[in-house]
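Visitor: sequence-free structure coming up:
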């Protein structure tokens, strides 16, 4: 059995419902989906129905789309999965990777979030980007859900 290309597991003091809402609500995403070094928030925009398109875009005046894909699975509040590709590769399925957020109750008031990003062979440079990106983004998510605010942003161009 082939191992996934990237797996990140974190434990968050929240409920599955609050975690799910943070993953799909654009207004909440603006608060936590931030690379502290880039300083610019990103949002994922979709209706989150299987087969629907989603875009990962900058939450600034440009609304620049950085990543695109299609929703594979949406089972609130347990699992969200979608394809992931650069906009130039949107029509080339061989260059799409997959992201899955698996949410499990892990004791009283604690949730285990497992993010699996696999099928990265079609875009080898993507692994380098997500290996640095996911830990920052998911640390922001955890901090936001537990404290009400994300990690402090550091000034930098985005």
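Guide: Noted; the coordinates are in hand. This is a predicted model, so every value here is computed, not measured.

Visitor: Pull the residues that contact the lengthiest helix in the chain.
Guide: Longest helix in the chain, counting residues (DSSP state H): helix 124-147. With contact meaning C-beta atoms under 8 Å, 6 or more residues apart in numbering, helix 124-147 is reached by 5-6, 8, 10, 12-14, 18-19, 22, 28, 31-37, 84, 86, 97, 113, 115, 117, 120, 149-151. C-betas here are computed from N, CA, C, even on glycine.

Visitor: List buried residues within those.
Guide: 5-6, 8, 12, 14, 19, 22, 28, 31-36, 84, 86, 97, 113, 115, 117, 120, 150 (16 or more other C-beta atoms under 10 Å).

Visitor: Stretch 82-99 - what's its average pLDDT?
Guide: If you average the pLDDT over stretch 82-99, you get 95.

Visitor: from the contacts of helix 124-147, which ones fall inside strands?
Guide: 6, 8, 10, 12, 84, 97, 113, 115, 117 (DSSP state E).

Visitor: Using JSON lines, please lay out the residues you listed together with distance to residue 126.
Guide: Below are those laid out as JSON lines (distance: C-beta to C-beta, whole Å):
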{"residue": "6", "distance to residue 126": "9"}
{"residue": "8", "distance to residue 126": "15"}
{"residue": "10", "distance to residue 126": "21"}
{"residue": "12", "distance to residue 126": "25"}
{"residue": "84", "distance to residue 126": "8"}
{"residue": "97", "distance to residue 126": "6"}
{"residue": "113", "distance to residue 126": "21"}
{"residue": "115", "distance to residue 126": "14"}
{"residue": "117", "distance to residue 126": "8"}
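
Visitor: What is the nearest of the residues you listed to residue 46?
Guide: Of all the ones in strands among the contacts of helix 124-147, residue 46 sits closest to residue 84, with 12.5 Å by C-beta to C-beta.
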